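Undergrad: Let's see this in three dimensions:
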Amino acid sequence: MPQTLSTIPLFSGLSSRQLRQVQRSAVEHTYEPGALIVRQGGKTTSLFVVIEGSAKVVRNDRTISRRRAGEFFGEISLIDGRPRAASVIAETPMRCLVLDQAPLRKLMANEPSVAWAMLQSLATRLRGE
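TA: Just a heads-up that it's a prediction; the model follows:
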């Protein structure tokens, strides 16, 4: 899996050692089309990194964006601990890496480049690029 991780922009700048740390912190989940991955208003605090497939992000019954391989979702609730801002529903068969808040916080504290990559990605989303 470290080779797969290195192709994901969030982790592309990490060393092999750092990629192994991410791998040890992550669990891989699969989802069928139509599966509800996270529910708007839910109280989970995991980050999801899409390895394969695509999902739609839905807020108040309206699709507001999509996430594809190499992208991630769940970072807002991961950061602030508040209920999920939107639902995410698999559109195709999906594989995701799921990182829970505690191990990811530890990883980010030990590997600031992961935190920086996430901030860069968030800035790009906020700019609408």
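Undergrad: Name the residues of stretch 17-30 that come out as buried.
TA: 18, 19, 21, 22, 25, 26 (16 or more other C-beta atoms under 10 Å). In this view, the C-beta of every residue, glycine as well, is placed from N, C-alpha and C.
Undergrad: Restricted to helices, list these.
TA: Counting by DSSP state H, these place 18, 19, 21, 22, 25 in helices.
Undergrad: ok, residue 77 - contacts?
TA: 43, 44, 45, 83, 84, 85 (C-beta atoms under 8 Å, 6 or more residues apart in numbering).
Undergrad: Residue 119 is in contact with residue 108, correct?
TA: No. Counting by C-beta atoms under 8 Å, residue 108 sits too far from residue 119 to count as a contact (10.2 Å).
Undergrad: got the contacts of residue 77 as CSV, with neighbour count and pLDDT columns?
TA: Putting the contacts of residue 77 into CSV (neighbours: other C-beta atoms under 10 Å; pLDDT from 0 to 100) gives the following:
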residue, neighbour count, pLDDT
43, 10, 90
44, 16, 86
45, 19, 86
83, 13, 91
84, 19, 92
85, 16, 91
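Undergrad: Reformat those as CSV; add secondary structure and distance to residue 55.
TA: Converted to CSV, the contacts of residue 77 look like this (DSSP: H, G, I helix; E, B strand; the rest coil; distance: C-beta to C-beta, whole Å):
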residue, secondary structure, distance to residue 55
43, coil, 20
44, coil, 15
45, coil, 18
83, coil, 19
84, coil, 13
85, coil, 15
